[in-house]
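Colleague: structure, please.
(chains A and B)
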Protein chains: 2
Amino acid sequence: MTTSPALRTALAYHQAWTNHDLDTAMTHIADDIVCDAPAGRIEGSEAYRGFMGPFVDILKNATLIAAFGDDDTAVIVYDTESVPVASAPAAECVTVRNGLITYSRFIFDRTPFDAARAAAGQHVNP
Amino acid sequence: MTTSPALRTALAYHQAWTNHDLDTAMTHIADDIVCDAPAGRIEGSEAYRGFMGPFVDILKNATLIAAFGDDDTAVIVYDTESVPVASAPAAECVTVRNGLITYSRFIFDRTPFDAARAAAGQHVNP
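Modeller: The predicted structure is shown next:
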């Protein structure tokens, strides 16, 4: 499907976690991954798993919008439907070395997730 | 630089507005553009200009992170430095028809902008 080795890795990772298979997804993540996410920098695969795990748990559906790559960089754009947010698009721009994602720039809007969390909190503690 | 006609248009648009030349940027935007932005759908070039203009006014610097495209789709990922927010990365996934951007999926995190606005408001009205 693609001649970009970075994109092959990014898509394999993406297809795994969006199918709720975080174990397989993590086989594409370098131990020393650095991820610049909206809330700040995440360093190391254990922290990265801690970042992705809660979202995989609430993910209902994901739709790939676009995917491009070259030798060492790939960008994937997708929409997600999760328990709290009906549509939350995201983009990941990743660097791939030796078949593993070593760096990720992760872009999405935190606002609807924060709003859902606040609404849930108000429900529990009115 | 690129064999993708969609990416040539997306980059010309990007270079114009990041150089504070919104007039030139708008020459690459279709009159009937549809843009799905974090706060909702924007329809038509006038509304799109109203969306971009205030950000162009406060933009201090932009750095392209990645740019890819094919015949009719392009994705650009970049970081921005603006008056209220030191680093606000964004991704735009655009559809290009006849040399004009007809659809844009615009992804960024609103949270730091809302926080800066709230802080400024608190300063004015303590």
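Colleague: how much space between residue A:77 and residue A:27?
Modeller: Plainly put, residue A:77 is 23 Å away from residue A:27 if you go by C-beta to C-beta, to the nearest Å. For the C-beta atoms, the positions are set from N, CA and C on the backbone; glycine is no exception.
Colleague: the two: which is more packed in?
Modeller: For residue A:77 versus residue A:27, the count of surrounding residues by other C-beta atoms under 10 Å in any protein chain shown is larger for residue A:77: 23 against 12.
Colleague: what's the spacing between the more buried one and chain B?
Modeller: Note on residue A:77: its distance to chain B, by C-beta to the nearest C-beta, to the nearest Å, is 5 Å.
Colleague: find the helix or strand that that residue is a member of.
Modeller: Secondary structure assigned from DSSP states H and E places residue A:77 in strand A:73-82.
Colleague: counting by contacts, list what that strand packs against.
Modeller: Under the contact definition 3 or more C-beta pairs under 8 Å, 6 or more residues apart in numbering or on different chains; DSSP states H and E, strand A:73-82 sits against helix A:5-18, helix A:45-58, strand A:59-69, strand A:90-97, strand B:59-69, strand B:73-82, strand B:90-97.
Colleague: for residue A:37, find the nearest of these.
Modeller: Distance to residue A:37, taken as C-beta to C-beta, is lowest for helix A:45-58 among the helices and strands packed on strand A:73-82, at 6.4 Å.
Colleague: quick one, the closest one and strand A:59-69 angle?
Modeller: Angle of helix A:45-58 versus strand A:59-69, following axes from the mean of the first three to the mean of the last three C-alpha atoms, to 10 degrees, is 130 degrees.
Colleague: wait, does helix A:45-58 contact chain B?
Modeller: No. When contact is scored as C-beta under 8 Å from any C-beta of the partner chain, no part of helix A:45-58 falls within range of chain B; the minimum is 14.5 Å.
Colleague: that helix: how far from the chain's middle?
Modeller: For helix A:45-58, the distance from its own C-alpha centre to the chain's C-alpha centre is 9 Å (C-alpha atoms, centre = their mean, to the nearest Å).
Colleague: what angle separates the one helix or strand in chain A whose mean pLDDT sits lowest from helix B:111-124?
Modeller: Lowest by mean pLDDT, DSSP states H and E among the helices and strands of chain A is helix A:111-124, with a mean of 86. In this structure, helix A:111-124 runs at an angle of 70 degrees to helix B:111-124, with the same axes, to 10 degrees as the basis.
Colleague: shaky segments in chain A?
Modeller: Applying pLDDT under 70 to chain A picks out residues A:1, A:123-126.
Colleague: nearest to residue B:33 among the helices and strands packed on strand A:73-82 would be which one?
Modeller: Across the helices and strands packed on strand A:73-82, the minimum distance to residue B:33, taken as C-beta to C-beta, is reached by strand B:90-97, at 9.2 Å.
Colleague: give me the contact list for the following helix or strand past that closest one.
Modeller: Of the helices and strands lying after strand B:90-97 in sequence (DSSP H and E), the nearest is strand B:100-108. The contact list for strand B:100-108, computed with C-beta atoms under 8 Å, 6 or more residues apart in numbering or on different chains, reads A:65, A:77, A:89-91, A:107-109, B:9-10, B:13, B:28-30, B:32-38, B:88-96.
Colleague: residues near residue A:9, how many?
Modeller: Residue neighbour count, defined by other C-beta under 10 Å, stands at 22 for residue A:9.
Colleague: residue A:12 contacts residue A:28, correct?
Modeller: Yes. Counting by C-beta atoms under 8 Å, residue A:12 does reach residue A:28; the two are 5.6 Å apart.
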